[in-house]
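K.L.:
kindly return the folded structure for what I paste below:
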Amino acid sequence: MVTRTYDREKSLSKRGVRDALGMPIHGYITNPKNIDLLKMTLDEEKRFNNPAIAYEWVANKYQENGQKYSKQLPDGTSIPIPMYEAERQLEFIDVDVFRQSALYFKEHECYTKFDEEYDSAAYRTYWDTVEYRKENGMTAWAGIDKNGNPRLVHCPAKLWGFMNLGPIVRVEDDDDALSNESDFKEDENTDPDLLAEFRIEELLASLNIRETELKKKKIDFPSFFDGQYHLVVAKSFARLIGKNFFFGKARRKGMSYFNAYDLWDDIDTHPEMSVILAAYDKKYLTTGKGLMKMVYTYSDWYNKHTDFYKNRLVTSKEHLKIGYTEKGDPVERGYKSEAIAVSAMNNPDVTIGKDVFQLAYEEMGKFPNWKECHEVTSSTAEAGDYKTGHICGWGTGGTEEANWEAFEDVYYNPNAYDNLACKNIWDKGLEDTACGYFYPHVESLEGHMNYNGNTNYKTSWASYKKKKQRKRLETTDETSFEKWCGQRANCGQEAFARSGTNIFNRDAIQKQLNRVMREPSMKYLSREGWLVRNTKGHVKLELNEVKKINGELFNPPVLDFPLRKDTRVHGCFIEYVPPYRDPITGLVPEGLYVAFQDPYAHDKDIKKLSTKDSIGVTFWYERINNITPSGGGMIVAEYCGRPPSLDTYNDQVMNGLFYYNCKLFFENDRGDVKPFMKARGLMNMLYDEPELLFVKELMSKSGRGKGMHLTDKRKARGAIYLRDRLNEVVGTNHSTGEDKLALEYIYSVGILKELLRWNMDGNFDRVSALIIGEFIIRELAHEEIQMPSPYDGDSFFEREQF
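P.N.:
Numbering: from 1, shown residues only. Got it, this is the predicted structure:
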């Protein structure tokens, strides 16, 4: 563990050095240039200050990545895909040069002892300097580049203001509570105030029995953390280039304090501007440590301790407006800036009509109608083609009862939401793809930073892995363990993991979903369209892509889960692997494929469909074989949707049966697939009720002749069958050497989304179809696949049907 201590004898600021106003310089500063900087007059500091330093490296990298990861268009031209990277090779030193106001306050319980009346010139100069720094930031010799050379660092205005004017409740610094792995040694120069605590620490360290340190909390000012610096620079950069900033984070990163300060600073600094704090439930804004309550906290602090006192025109739980009125005159004067807290629970249009300087979405993991809200309110920060305000939001890993669909989409598809696209350095397997910004648990982990806020990743990762392993051994409740991991997330897929009574391998499923949705190599694994049958009975897949080029109407696939109000539920046929045809006859072998279905009950007016209604789901599965190049054991096609009529759905499924030369197995307690096929003389394309000899305790026939009734016991057993099959090792990943699971051959976004959230009680149409499929897969396990004979050209499946 790295302790936030320093050698006080090496600090130039401990030798009675004073700044330009004669105030003592505090903290740990070793570079004489930084002492000279603090001795500058305000005019000299203004000439020296250069905010561009914070963005020079990241801007060049952003542009460089745009060329490196450009997208090739069909006409041969390329479109740059810029991706943000933080300058993480930068090491920080002398960060106390940025914290002088806070360090003075900690020692003297005030920002300055200059009297406003008797020391008016010095008093005004001091507060002018503070105001300049909180609005323009500060530049100092506070960095070491990758070659070990000193370099300038610019502390952004928001971060400077937060560290000096934004007190927080925090864990005691290691200067006050020493760690069991400290390099600190007791000698004659040891501070006597530390001896008692140090000797207890020394005992615990020698016994090596403590897993987690117990620390006190206290009111303090924020320290300088590398992780927080990188996030603030990223957010500031996003604002500069007109991008939104939606980011994910682990819990306990101090960002609630920073976000509240950021919003308060906007209305304190900019006259006649509004900031909107939006959440699904207003309790996240106005109760406990809600964002709006913390905005009030910083307003109170400014009014009590700084020279920036501002009267309030409106003071309520949901609305703070600063300014004043004169006696007898109702006209509002002064800044007239305001912070407004709104709930979108029953009104996604809640921010329409409000011109905002910043719109902040709180608890995006618990914001089920966020997309609807954002779609209608993004214009609040725009004026024509220009951005006039900044839209941001965040989601915290381990949030209870979170609904991550919307935020996950924003995070992993940043360009679709005008979000700052970052190079993914966090998710294993998704390196070099675009995502939102993430603030991981191991970055700026308390107890694993040196005094200047540089993270020791070696020790922070070791500590995290050790505690995770111990938690895994001690915890019998899977949900509790997943929540623990989510709160300490180090990447998006860990933060967005779902918890609950789910028997499936969520880690592997999430990883596969990320691959399917994000990896460029996965983009062309499927073909989407509509199966049509000609007069000779031959089936062809008419591609959506071709229809789009020709300007024809087409139906996109249904990928949302759960369904959204605006989801187009008609759906289309998705082919992952085309039917295998015997090279001699050109025919599809009989029994190579099997289809299984979870039907929906009846027609319903599309305008009356709700997000709780079922869709029809049919999968085509290639049985394990030694005929095809893949060897089978995978879903090769699907049709998920709910067109205006059941006949349309059943007709598409029927075409799929012809296309793959197979029969259909289905849940027989609803839908009308049986009468549909009977009316067309195709009952032989439906599987009979299975014998279920492989699971005799579940044997019993419904008397319906075709398909199977899925009882609760069969559903539970089928789910176990499905889990075991998906976890089956079917090969080796040659690039990593790791086992390859059957799950990795599922390319259906809808299946993976449902598997992540599955439980026995919910409505999971795709998983229900897979569970039905497990029974027919096992029923047919020992049936041979019939290779077509050269004389089979006139087989039933090749004849004209009508």
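
K.L.:
give me the low-pLDDT residue ranges for the stretch 701-802 of the chain?
P.N.:
701-704, 791-802 (pLDDT under 70).

K.L.:
now do the helices in it.
P.N.:
Using DSSP state H, counting those that start in this stretch, the helices of the stretch 701-802 of the chain run over residues 712-726, 749-757, 765-779.

K.L.:
helices or strands next to the second one in the packing?
P.N.:
When contacts are defined as 3 or more C-beta pairs under 8 Å, 6 or more residues apart in numbering; DSSP states H and E, helix 749-757 packs onto helix 506-518, strand 634-641, helix 765-779. For glycine as for every other residue, the C-beta is placed from the backbone atoms N, C-alpha and C.

K.L.:
contact partners of it?
P.N.:
Under the criterion C-beta atoms under 8 Å, 6 or more residues apart in numbering, residues 405, 498, 500, 502, 504, 506, 509-510, 512-513, 516-517, 557-559, 561, 635, 638, 640, 726, 746, 764-767, 770 lie in contact with helix 749-757.

K.L.:
tell me the buried residues in stretch 761-778?
P.N.:
Buried positions in stretch 761-778, judged by neighbour count with 16 or more other C-beta atoms under 10 Å: 764-778.

K.L.:
could I get it in CSV with only the CA atoms?
P.N.:
Extracted in CSV, the C-alpha atoms of stretch 761-778 (Å, rounded to 0.1, in the frame of the first residue of the first chain):
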residue,chain,number,x,y,z
ASP,A,761,-41.1,-15.7,-13.2
GLY,A,762,-40.5,-13.1,-15.9
ASN,A,763,-41.6,-13.0,-19.5
PHE,A,764,-38.5,-14.1,-21.5
ASP,A,765,-39.8,-15.3,-24.9
ARG,A,766,-36.4,-16.1,-26.5
VAL,A,767,-35.2,-18.1,-23.4
SER,A,768,-38.5,-19.9,-23.3
ALA,A,769,-38.0,-21.0,-27.0
LEU,A,770,-34.4,-22.2,-26.1
ILE,A,771,-35.8,-24.2,-23.2
ILE,A,772,-38.4,-25.8,-25.4
GLY,A,773,-35.5,-26.5,-27.9
GLU,A,774,-33.5,-28.4,-25.2
PHE,A,775,-36.1,-31.1,-25.1
ILE,A,776,-36.2,-31.8,-28.8
ILE,A,777,-32.4,-31.6,-29.1
ARG,A,778,-32.1,-34.3,-26.5
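
K.L.:
other residues contacting it?
P.N.:
The contact list for stretch 761-778, computed with C-beta under 8 Å, 6+ apart, reads 561, 594, 596-598, 600, 612, 614-619, 621, 623, 640, 665-667, 687, 690, 692, 694-695, 708, 710, 714-715, 718-719, 721-722, 725, 748, 750-751, 754-755, 757-758.

K.L.:
please list only the buried members of those.
P.N.:
Neighbour-count burial (16+ other C-beta under 10 Å) applied to those gives 561, 594, 596-598, 600, 614-619, 621, 623, 640, 665-667, 687, 690, 692, 695, 708, 710, 714, 718-719, 721-722, 725, 748, 750-751, 754-755, 757-758.

K.L.:
hang on, the earlier thing: let me have the helices and strands packed on helix 749-757 in JSON lines, adding distance to residue 143 as columns.
P.N.:
Below are the helices and strands packed on helix 749-757 laid out as JSON lines (distance: least, C-beta to C-beta, whole Å):
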{"stretch": "helix 506-518", "distance to residue 143": "33"}
{"stretch": "strand 634-641", "distance to residue 143": "52"}
{"stretch": "helix 765-779", "distance to residue 143": "52"}
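
K.L.:
sorry, back to before: nearest to residue 567, out of the helices of the stretch 701-802 of the chain?
P.N.:
The closest of the helices of the stretch 701-802 of the chain to residue 567 is helix 749-757. By C-beta to C-beta, the value is 11.2 Å.

K.L.:
for residue 24, find the nearest of the helices of the stretch 701-802 of the chain.
P.N.:
Here helix 749-757 is closest among those (C-beta to C-beta), at 56.9 Å.

K.L.:
related to what we said a few turns ago, which one of the helices and strands packed on helix 749-757 lies nearest to residue 95?
P.N.:
Using C-beta to C-beta, these put helix 506-518 closest to residue 95, at 35.7 Å.

K.L.:
quick one: the helix or strand following the closest one to chain centroid distance?
P.N.:
The first helix or strand that comes after helix 506-518 along the chain, using DSSP states H and E, is strand 527-533. Centre-to-centre, strand 527-533 and its host chain are 34 Å apart (C-alpha atoms, centre = their mean, to the nearest Å).

K.L.:
verify the contact between residue 572 and residue 641 for me.
P.N.:
Yes. Contact criterion C-beta atoms under 8 Å: residue 572 and residue 641 qualify, at 7.0 Å.

K.L.:
got any residues that touch both of those two?
P.N.:
residue 555.

K.L.:
ok, residue 121 - contacts?
P.N.:
Not one residue lies near residue 121 by C-beta under 8 Å, 6+ apart.

K.L.:
and if you look at residue 694?
P.N.:
778-779, 781.

K.L.:
phi, psi of residue 262?
P.N.:
For residue 262, the backbone dihedrals (degrees, to the nearest 10) come out as phi -60, psi -50.

K.L.:
is it in contact with residue 358, as I believe?
P.N.:
Yes. Counting by C-beta under 8 Å, residue 262 touches residue 358, with 7.5 Å between them.

K.L.:
adjacent strands (with direction) for whichever strand or helix holds residue 340?
P.N.:
Here residue 340, judged by DSSP H and E, is contained in strand 338-343. With DSSP bridges as the test, strand 338-343 is paired with strand 274-279 (parallel), strand 319-322 (antiparallel).

K.L.:
closest one to residue 538 among these?
P.N.:
Residue 538 lies closest to strand 274-279 among the strands paired with strand 338-343, at 54.7 Å (C-beta to C-beta).

K.L.:
tell me which helix or strand residue 574 sits in.
P.N.:
Using DSSP H and E, residue 574 falls within strand 573-575.

K.L.:
for that strand, packing partners?
P.N.:
Under the contact definition 3+ C-beta pairs under 8 Å, 6+ apart, strand 573-575 sits against strand 527-533, strand 634-641.

K.L.:
before I go, just wanted to say thanks for your time.
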